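Colleague: Need the 3D shape of this:
(chains A and B)
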Amino acid sequence: MSTPTTALPKLLRDHQPQVLKEWKGHQQQSLATRRDLISDADLARQSERFLQAFTEALESGDSGQGAAWERLHEMLNELAIARAHAGFSPSDTAMFVFSLKQPVFDLIRRSMTKAEDATRESWQATLALDRLGLITTEFHQKGREDIIMRQQQAMMELSTPVVTLWKGILALPLIGTLDSERTQVVMESLLQRIVQSGASIAILDITGVPTVDTLVAQHLLKTVAAARLMGADCIISGIRPQIAQTIVHLGVDLKDVVTKATLADAFAIALTRTGLAVVSTGATPRQGGAKAPAASASSEA
Amino acid sequence: MEKIPILKMRSCLLVSIQVDMHDRLAMQLQDDLTERIAQTGVRGVLIDISALDMVDSFMGRMLGNIAAMSRVLDAETVLVGMQPAVAITLVELGMTLPGVRTALNVEKGMDLLEASIGADESVGG
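Modeller: As a prediction, the model looks like this:
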């Protein structure tokens, strides 16, 4: 696209302060709802830098390529990502560019005497600004995707702790929805810990699992089966009344697995199985219950 | 020809699989083990697979078969030392070895065997 150089860059440079002023007005109007997310000073600085870079880019040619255009894209990238992080919507971000149209058209209409020239200039300006607007939206999208990726990673990392409750007793408090990928991570970390600690009992606590469907139940059963193959027994605890109903309605078979309503019940049975018991010391409890588990004489035959 | 050693320890047989298990070796083990159980009249078999880091469905079935055959010959089988990766593979293959007892290591497996043999004998008089 090698049209003869237009008069627009010169016009913009000559009337920069006035265009800037009008543009700011339009932006503030379109941003009326999100004024809390960005300060006036920041907005003014961004607008000034953008207009300057836009003028320079237009002066270098309207091909959309070259060093000046790349600088402009770079700037839009920064701006879009910053706005994505601040919580602007895609259209709010794109409006930053699109709201420049009206001041530019006004300027062209005022300065051009011939209708034919004005139309041509307007067309050029529309092309350039539309392209920039689309690029801004794309950058904004990318910024949002980065955020989502980081959050997914963070959720993955914090969601699978294996806790040692007592010597030989592990607990796995599951929180959030269980999908195949997470179950895999949970299963691997549990089995790894069983090998490391030599634990013989693992308690899977599903208090924090919002819903149990057939798939989740299947994942749980797989984990239990794998732990059993390694020689550790599993107890599933934290089954809420609604979940018990769902499990039965779905026809999921949990006959081969020991299930308990609370983690405390599961811990009690785990202690019994390892030949331990919780006894009262007779001392008056001062801070919480003074309980001390001690090995009882009888071992589990 | 390589062979998997079967050791007698008190009233149990101890099998430790230390080499890559291929199909013929597994069949050989099945033969030898049933033979030894019948000969010695032991009440427990302990199979250590801690060195096994790969299994297929055939191996899974063999382990299940060996346990079932031992039970017919009145010997309890305990499978010990399964690696996490092996456990996950077997579960994904749908082979949860329902008839086989398991333990984390040889020591715990021995405890388990002795406990169940002891309980049996005290009941039997």
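
Colleague: Quick check: chain neighbours aside, which residue is closest to the residue in chain B positioned nearest to chain A?
Modeller: Nearest residue of chain B to chain A (CB to the nearest CB) works out as B:P84 at 3.5 Å. C-beta coordinates here come from the backbone N, C-alpha and C atoms, glycine included. In this structure, B:P84 finds its nearest non-sequential neighbour in A:L191, 3.5 Å apart by CB to CB, 6 or more residues apart in numbering or on different chains.

Colleague: Would you mind checking the average pLDDT for stretch B:47-60?
Modeller: For stretch B:47-60, mean pLDDT rounds to 89.

Colleague: Let me fix that, I meant to ask about stretch B:19-28.
Modeller: The average pLDDT for stretch B:19-28 rounds to 86.

Colleague: Tell me which residues of it come out buried.
Modeller: Within stretch B:19-28, the residues that qualify as buried are B:M21, B:L25, B:A26, counting by 16 or more other CB atoms under 10 Å in any protein chain shown.

Colleague: Verify the stated contact: the last one with B:F58.
Modeller: Yes. Using CB atoms under 8 Å, B:A26 and B:F58 qualify as a contacting pair, with a distance of 7.3 Å.

Colleague: Could you check which helix or strand contains the residue in the stretch 101-250 of chain A positioned nearest to chain B?
Modeller: Going by CB to the nearest CB, chain B is nearest to A:L191 of the stretch 101-250 of chain A, at 3.5 Å. Secondary structure from DSSP states H and E places A:L191 in helix A:180-197.

Colleague: Quick one, grab the pLDDT at residue 41.
Modeller: Assuming you mean chain A. A:A41 is assigned a predicted lDDT (pLDDT) of 82.

Colleague: my question was about chain B
Modeller: 90.

Colleague: How many neighbouring residues does it have?
Modeller: Using other CB atoms under 10 Å in any protein chain shown, B:G41 has 11 neighbouring residues.

Colleague: And the residue nearest to B:P84, how far from A:K21?
Modeller: A:L191 sits 67 Å away from A:K21, going by CB to CB, to the nearest Å.

Colleague: more crowded one of these two?
Modeller: Set A:L191 next to A:K21 and count neighbours by other CB under 10 Å: A:L191 wins out with 25 against 11.

Colleague: wait, what's in contact with that one?
Modeller: Contact analysis of A:L191 by CB atoms under 8 Å, 6 or more residues apart in numbering or on different chains lists A:A226, A:A227, A:M230, B:P84, B:A87, B:I88.

Colleague: Just list the residues touching the first one, thanks.
Modeller: Residues in contact with A:A226 (CB under 8 Å, 6+ apart) are A:M187, A:L191, B:P84, B:A87, B:I88, B:L90, B:V91.

Colleague: Surely the third one is in contact with A:M230?
Modeller: Yep, that's B:P84 we're talking about. Yes. The criterion here is CB under 8 Å, and B:P84 meets it with A:M230 at 6.8 Å.

Colleague: about what we covered before: sort out for me which of the contacts of A:A226 are in helices.
Modeller: Using DSSP state H, A:M187, A:L191, B:P84, B:A87, B:I88, B:L90, B:V91 are the members of the contacts of A:A226 that sit in helices.

Colleague: What segments of the stretch 101-250 of chain A are helices?
Modeller: A:101-111, A:115-158, A:180-197, A:214-229, A:241-250 (DSSP state H, counting those that start in this stretch).

Colleague: meant to ask about chain B, not that
Modeller: Taking DSSP H as the test, the helices found in chain B are B:23-40, B:57-72, B:84-92, B:106-124.

Colleague: So for A:T137, what's the nearest residue that isn't a sequence neighbour?
Modeller: Of all residues not flanking A:T137 in the chain, A:A94 sits nearest, at 4.9 Å (CB to CB, 6+ apart).

Colleague: Now that neighbour: which helix or strand?
Modeller: Secondary structure assignment for A:A94, by DSSP H and E: helix A:90-98.

Colleague: So which other helices or strands are in contact with that helix?
Modeller: If contacts are counted by 3 or more CB pairs under 8 Å, 6 or more residues apart in numbering or on different chains; DSSP states H and E, helix A:90-98 sits against helix A:16-30, helix A:40-59, helix A:67-86, helix A:115-158.

Colleague: pLDDT below threshold where in the chain?
Modeller: Went with chain A since none was named. For chain A, applying pLDDT under 70 flags the ranges A:1-5, A:31-35, A:62, A:158-159, A:285-301.

Colleague: looking at chain B here, not the other one
Modeller: Short version for chain B, where the test is pLDDT under 70: B:1, B:123-125.

Colleague: Quick check: residues of it near chain A?
Modeller: By CB under 8 Å from any CB of the partner chain, the residues of chain B that approach chain A are B:79-80, B:82-84, B:86-88, B:90-92, B:96-97, B:102-105, B:108-109, B:115, B:119.

Colleague: Name only those of the residues you listed that count as buried.
Modeller: Buried members of the residues of chain B next to chain A, scored by 16+ other CB under 10 Å, are B:79-80, B:82-84, B:86-88, B:90-91, B:96-97, B:102-104, B:108-109.

Colleague: who's in contact with residue 105?
Modeller: Defaulting to chain A. Contact partners of A:F105, counting by CB under 8 Å, 6+ apart, are A:S122, A:A125.

Colleague: You answered for a different chain; I wanted chain B.
Modeller: The neighbourhood of B:N105, defined by CB under 8 Å, 6+ apart, consists of A:G198, A:G231, B:S50, B:V80, B:G81.

Colleague: Could you rerun that using 7 Å?
Modeller: Applying CB atoms under 7 Å, 6 or more residues apart in numbering or on different chains, we find B:N105 in contact with A:G198, B:V80, B:G81.

Colleague: just checking, the second one touches A:M230?
Modeller: Translated: B:V80. No. Under the criterion of CB atoms under 7 Å, B:V80 makes no contact with A:M230, lying 9.2 Å away.

Colleague: which neighbours do the two share?
Modeller: Applying CB under 7 Å, 6+ apart, one finds that B:V80 and A:M230 are jointly contacted by B:T102, B:L104.
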